[in-house]
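*Asks:* my questions are about this predicted structure, shown below with the sequence.
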Amino acid sequence: MATLCLAMIASAMFYNTETNVDKTKAVEVGGVQFTFGRMLYVALMSTLITLPAPILMSTLFSKSKRLGRVVPTTASRGDIDKTENATYKRCFSICFGVLGWVIAFVSAFVSNFFLVLYSLQWGPEISKQWLVTQITSMALSAFIVEPIKGIALAIVISLVFTVMKKPFRPNEDSEFR
């Protein structure tokens, strides 16, 4: 949700930067104008701006692994060191999780707040055009970009494992004999 809100506010920031949009390059369907150059520009800029935040949040959430409870047993020095080490790991794990949730909630709230302010500033006509651009961008991402990324990732992974599976056989000319 936070990633979606960040993408929406980033696209809103770059949506109305051009005051003189060339009307000859626009396609009108049902009273809604599509300007493909502007759509691509907005989609590219919003992607570049919002990329670091989801990476940071996913890294923090992956560092916040659930650790089991630490039950101290004997009072030997080795056991106390292990217990203290596990306690520090648990504390850092909880801190990473809390920090990840704080970043997610704050980014979603602040993005939505400024998105409402942008839509009030634009008025109903530009807000409607921005919403159509946003829906088009999400549909493009869901139905075209994400499947292509999945197929490309599958091809790269299969090529890597195919290359790794082949045994090394030195040639007669090589120095490994």
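*Replies:* Structure received.
*Asks:* and the strand or helix carrying Phe14, which residues are buried?
*Replies:* Phe14 belongs to helix 2-15 when assigned by DSSP states H and E. Neighbour counts using 16 or more other Cβ atoms under 10 Å place 2-3, 5-15 of helix 2-15 among the buried residues. C-beta here means a position set from N, CA and C on the backbone, and glycine is covered the same way.
*Asks:* closest to Met138 among those residues?
*Replies:* Ala7 (8.4 Å; Cβ to Cβ).
*Asks:* sorry, back to before: nearest to Ile155, of the buried residues of helix 2-15?
*Replies:* Closest to Ile155, out of all of the buried residues of helix 2-15 and judged by Cβ to Cβ, is Thr3, at 25.5 Å.
*Asks:* for Met45, give me its contacts.
*Replies:* Residues in contact with Met45 (Cβ atoms under 8 Å, 6 or more residues apart in numbering) are 10-11, 13-14.
*Asks:* secondary structure element for it?
*Replies:* Counting by DSSP H and E, Met45 is part of helix 36-50.
*Asks:* flag the shaky bits of this protein, pLDDT-wise.
*Replies:* 16-36, 38-39, 66-85, 164-177 (pLDDT under 70).
*Asks:* just the buried residues of helix 2-15 now: which is nearest Glu125?
*Replies:* Using Cβ to Cβ, the buried residues of helix 2-15 come closest to Glu125 at Tyr15, 12.7 Å.
*Asks:* ok, that closest one to Ser119 distance?
*Replies:* Remark: distance between Tyr15 and Ser119 (Cβ to Cβ, to the nearest Å) = 11 Å.
*Asks:* tell me which element Leu131 is part of?
*Replies:* Assigned by DSSP H and E, Leu131 falls in helix 124-140.
*Asks:* what angle separates that helix from helix 36-50?
*Replies:* Between helix 124-140 and helix 36-50, the angle comes out at 70 degrees (axes from the mean of the first three to the mean of the last three Cα atoms, to 10 degrees).
*Asks:* could I get the full set of helices for this protein?
*Replies:* Shown for the chain, the helices assigned by DSSP state H span residues 2-15, 36-50, 52-63, 77-122, 124-140, 146-165.
*Asks:* which other helices and strands does the first one contact?
*Replies:* With contacts defined as 3 or more Cβ pairs under 8 Å, 6 or more residues apart in numbering; DSSP states H and E, the secondary structure elements packing on helix 2-15 are helix 36-50, helix 52-63, helix 77-122, helix 124-140.
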